[in-house]
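# pasting the structure only:
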């Protein structure tokens, strides 16, 4: 598992983030305090407090390409 912090304060950033992560077959979760949602779910993401940084948890050992895409996204 890999973890990355990300900020999704605007609706367009949420849409772009989901567009990136939906192409990967492994499980990707977003955490905000005690809440956890599927990172591929726009509705789930909007249920989180987007004013704070979120933690992206990637459940794959072969996720270097996704990590690079998330770095470019920031």
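Nice, thanks for sending it over. Predicted model only: the values in this text are computed from it and were never measured.
# helices or strands next to the least confident helix or strand in the chain by mean pLDDT in the packing?
Taking mean pLDDT, DSSP states H and E as the measure, the helix or strand of the chain with the lowest value is helix 64-73, at a mean of 91. Judged by 3 or more CB pairs under 8 Å, 6 or more residues apart in numbering; DSSP states H and E, the packing partners of helix 64-73 are strand 2-6, helix 11-21, strand 54-58. (C-beta placed from N, C-alpha, C; glycine too.)
# Residue 46 reaches residue 14, doesn't it?
Yes: Residue 46 is in contact with residue 14 according to CB atoms under 8 Å; the separation is 6.8 Å.
# Which of those two has more residues huddled nearby?
Between residue 46 and residue 14, counted using other CB atoms under 10 Å, the more crowded position is residue 14 (16 against 12).
# Contact partners for that one?
8, 42, 45-46, 50 (CB atoms under 8 Å, 6 or more residues apart in numbering).
# cutoff 6 Å now
Residues in contact with residue 14 (CB atoms under 6 Å, 6 or more residues apart in numbering) are 8, 45.
# Which pLDDT value belongs to it?
Looking at residue 14, its pLDDT reads 96.
# now residue 74
For residue 74, the predicted pLDDT is 79.
# State the distance from the closest residue to it other than its chain neighbours to residue 37.
Closest residue to residue 74 apart from its sequence neighbours, by CB to CB, 6 or more residues apart in numbering: residue 6 at 6.7 Å. Per CB to CB, to the nearest Å, residue 6 is found 13 Å from residue 37.
# Name the nearest residue to residue 7, ignoring sequence neighbours.
residue 53 (5.2 Å).
# Please name the bridge partners of the spatially closest residue to residue 44 that is not a sequence neighbour.
Nearest non-adjacent residue to residue 44, counting by CB to CB, 6+ apart: residue 37, 3.4 Å away. Beta-bridge partners for residue 37, by DSSP bridges, are residue 30.
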